[in-house]
Every structure is written in structure tokens, then in C-alpha cells.
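Q: Take this sequence and fold it.
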Amino acid sequence: MSTDGRSVTLIEAKSGATIASDYTDGVDRLARVLRARAHDRPIATRVIHGGMTRQTRGPTQLVPWYEIDQHTWIDTDAPA
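A: As a prediction, this is how the structure comes out:
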């Protein structure tokens with residue numbers, strides 16, 4: 001988890017290079033729980049993976065491992 005006091009970014013790392021259909025389930029589930037508990041800050045979700053492609057699945061961004069130094073980890077436009 002990363003936060004700047006105004007927003008929260010949930011981050012999960014996976015070593016696999018093949019992105020499975022359930023790859024974002026963990027961070028998506030945690031984001032739903034936080035939002036249901038009246039979390040008042042925007043919550044973004046990211047999954048770092050061992051593959052080579054950047055993707056978006058629903059609200060979650062899938063970030064390849066080699067781009068972690070180029071990524072913004074706080075998302076002020078995340079859904080509240």
C-alpha cells in the first residue's frame with residue numbers, strides 16, 4: 001500500500017509472466033472492502049507482474065516489472 005494522505009494505492013506483486021483471469025482478484029477484493037467501510041480517500045489498484053505488457057483490467061493497472069521505476073504510485077484520480 002502506498003498513500004500520500006489524500007489517496008491510497010493498493011499494490012500486489014506477482015512473479016508470473018502470464019496474466020491469468022484472476023490476477024487482480026486480491027487487490028480488487030481489498031479495494032471493495034475498504035470502500036464498503038466508508039473509506040473516504042480514493043483507492044487505486046495496481047499489480048506488478050513478471051511479464052512484458054502493460055494492461056488495464058477494470059480499475060486495476062497491470063504493470064510489468066521493468067516499468068516500476070517509471071510509474072506513478074499515487075493516483076489522485078482513483079475512484080473513492
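Q: just checking, next helix/strand downstream of the least confident helix or strand in the chain by mean pLDDT?
A: Ranking every helix and strand in the chain by mean pLDDT, DSSP states H and E puts strand 2-3 at the bottom, with a mean of 76. The helix or strand immediately downstream of strand 2-3 is strand 8-13, counting by DSSP states H and E.
Q: If you count neighbours, what's buried in that following strand?
A: Neighbour-count burial for strand 8-13, counted by 16 or more other C-beta atoms under 10 Å, picks out 8-12. Every C-beta, even on glycine, is put in place using the N, C-alpha and C of the backbone.
Q: That one pairs with which strands, parallel or anti?
A: Applying DSSP bridges, strand 8-13 is found paired with strand 2-3 (antiparallel), strand 43-49 (parallel).
Q: what are the bridge partners for the residue nearest to residue 56 when sequence neighbours are not counted, then?
A: With C-beta to C-beta, 6 or more residues apart in numbering as the criterion, residue 56 has its nearest non-adjacent residue at 7.0 Å, and that residue is residue 62. Residue 62 has the following beta-bridge partners by DSSP bridges: residue 47, residue 55.
Q: Confirm for me that residue 62 is in contact with residue 47.
A: Yes. Between residue 62 and residue 47 there is a contact at 5.0 Å, judged by C-beta atoms under 8 Å.
Q: Same drill for those two, tell me which one is more crowded.
A: Neighbours were counted for residue 62 and for residue 47 using other C-beta atoms under 10 Å; residue 47 has more, 22 against 19.
Q: Show the contacting residues for the more buried one.
A: Residue 47 makes contacts with 11-14, 23-24, 27, 60-63, as judged by C-beta atoms under 8 Å, 6 or more residues apart in numbering.
Q: distance of it from residue 18?
A: Per C-beta to C-beta, to the nearest Å, residue 47 is found 13 Å from residue 18.
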